Every structure is written in C-alpha cells, then in structure tokens.
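Give me a 3D structure for the following:
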Amino acid sequence: MTTLEEYLSAQTPAFRKKVKAEFRQMSLQCAVSRLRYEQNLTQQEVARKLQLSQSAVSKIERNALDVKLSDLVRYVNILGGKLSLQVDLPSGEKIVVALANFEHSDDC
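Below you'll find the model as predicted:
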C-alpha cells in the first residue's frame, strides 16, 4: 500500500503545491467551524449574533483564507475565541499581534 507521502512525491511539483494549499484551507476551515461546534451553535444562530445572513457565516467557514480579517475576528470573538496574527520576520523574530479588539481602520 502506498502512503500519502509516497503518492505525493511521485506527483508534479504543481500538483503537490495545490495539495498543500488545499490542506491549509481545509485546516483553517476545520478550526473555524470547530469553534462554532464547541459552542453547540448552528450557522443560523451565529448569523443572528453577527447580524449577518446564514450564507455569510457559511462563507466565513468555507473560505476562511479569503474572508476579510475583520469578519474573521468578529466571528471568532462572538464565539468566545481570541484570534492573533503571527508575523515571522526574515531575522527569525516572531511578532504576535492580538486581534481580539481589532476593528477596521484606515489609520496605521
């Protein structure tokens, strides 16, 4: 039986890159949806709390990499989670920015 690693190593670099991108998207989808599941809430209930449509909540969960950061922060906050952003600098230094109270602003 072939392992996943063996299968992927036999594929083209473009294919492996696409699989890695899909894996990252699915991992984030799982993490975002898990927060709602742990609160025993439906998408409709979360939508009411966020004052959004159920389809907007579904889009946040389905396309977490491509939603606005402010929407993702609101989603996580409303469910009691805390979102942070880690920036890995070329120097090796890591900067973590807490986004719990993040609101969109045009100011730096």
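
Can you point out the buried residues in stretch 24-40?
29, 32-33, 35-36 (16 or more other Cβ atoms under 10 Å). The way it works is simple: take the backbone N, C-alpha and C, and place the C-beta from them, glycine included.

Quick one: name whatever helix or strand follows the helix ranked longest in the chain.
Counting by DSSP state H, the longest helix found in the chain is helix 13-38. Sequence-wise, the next helix or strand downstream of helix 13-38 (DSSP states H and E) is helix 43-50.

Give me the helices and strands touching that next one, please.
helix 54-62, helix 69-78 (3 or more Cβ pairs under 8 Å, 6 or more residues apart in numbering; DSSP states H and E).

now stretch 35-47, how far from the centre of its chain.
Centroid separation for stretch 35-47 versus its chain: 16 Å, with Cα atoms, centre = their mean, to the nearest Å.

Any idea how far apart the tips of that stretch sit?
14 Å (Cα to Cα, to the nearest Å).
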